[in-house]
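Undergrad: build the 3D model from these lines:
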Amino acid sequence: MRQLGNVFSKGKCLISFVTAGDPDLETTRSLVLALEAGGVDIIELGVPFSDPQADGPVIQAAGQRALKAGTTLSKVLDLAGSMKGDVKAPLVL
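TA: Prediction:
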């Protein structure tokens, strides 16, 4: 993976957000790979939690679906770690 500083050093960059685990972690993996293939510089994996007061209704609903699917912080970290060799774009939580 590239370091965040290297990405920002080129000036402008595109950062995308995905709620991890919505609808499942395999779909999240596919989305991350597709985003990178599409040119995204940094990918944020949103970790779902039970009280997302600061998020809007769309992200709240995605988080609830992910939680119902069994997504946990540990599983999101495992997913991110398992993608280390497959994704060059930095993954941030």
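Undergrad: could you dump stretch 40-51 to CSV, C-alpha only?
TA: Only the C-alpha atoms of stretch 40-51 are listed here, as CSV (Å, rounded to 0.1, in the frame of the first residue of the first chain):
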residue,chain,number,x,y,z
VAL,A,40,-9.6,6.2,-6.5
ASP,A,41,-6.5,7.4,-4.5
ILE,A,42,-7.7,6.6,-0.9
ILE,A,43,-10.5,4.4,0.2
GLU,A,44,-12.2,4.9,3.5
LEU,A,45,-13.8,1.8,5.1
GLY,A,46,-16.6,3.0,7.3
VAL,A,47,-16.9,0.8,10.4
PRO,A,48,-20.6,0.3,11.3
PHE,A,49,-21.6,1.0,14.9
SER,A,50,-24.9,0.9,16.8
ASP,A,51,-25.2,4.7,17.5
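Undergrad: looking at this protein, which helix or strand does the model trust least?
TA: Sorted by mean pLDDT, DSSP states H and E, the helices and strands of the chain end with helix 4-9, the least confident at a mean of 84.
Undergrad: same question for the next helix or strand after it, mean pLDDT?
TA: Counting by DSSP states H and E, the next helix or strand C-terminal to helix 4-9 is strand 15-19. Taken as a whole, strand 15-19 has a mean pLDDT of 97.
Undergrad: now strand 15-19, how far from the chain's geometric center?
TA: 5 Å (C-alpha atoms, centre = their mean, to the nearest Å).
Undergrad: any idea which residue sits dead centre in the chain?
TA: L45 (2.0 Å; C-alpha atoms, centre = their mean).
Undergrad: just want the angle from the helix or strand containing it to strand 15-19.
TA: Take DSSP H and E as the rule and L45 turns out to sit in strand 42-46. Angle, strand 42-46 to strand 15-19, by axes from the mean of the first three to the mean of the last three C-alpha atoms, to 10 degrees: 20 degrees.
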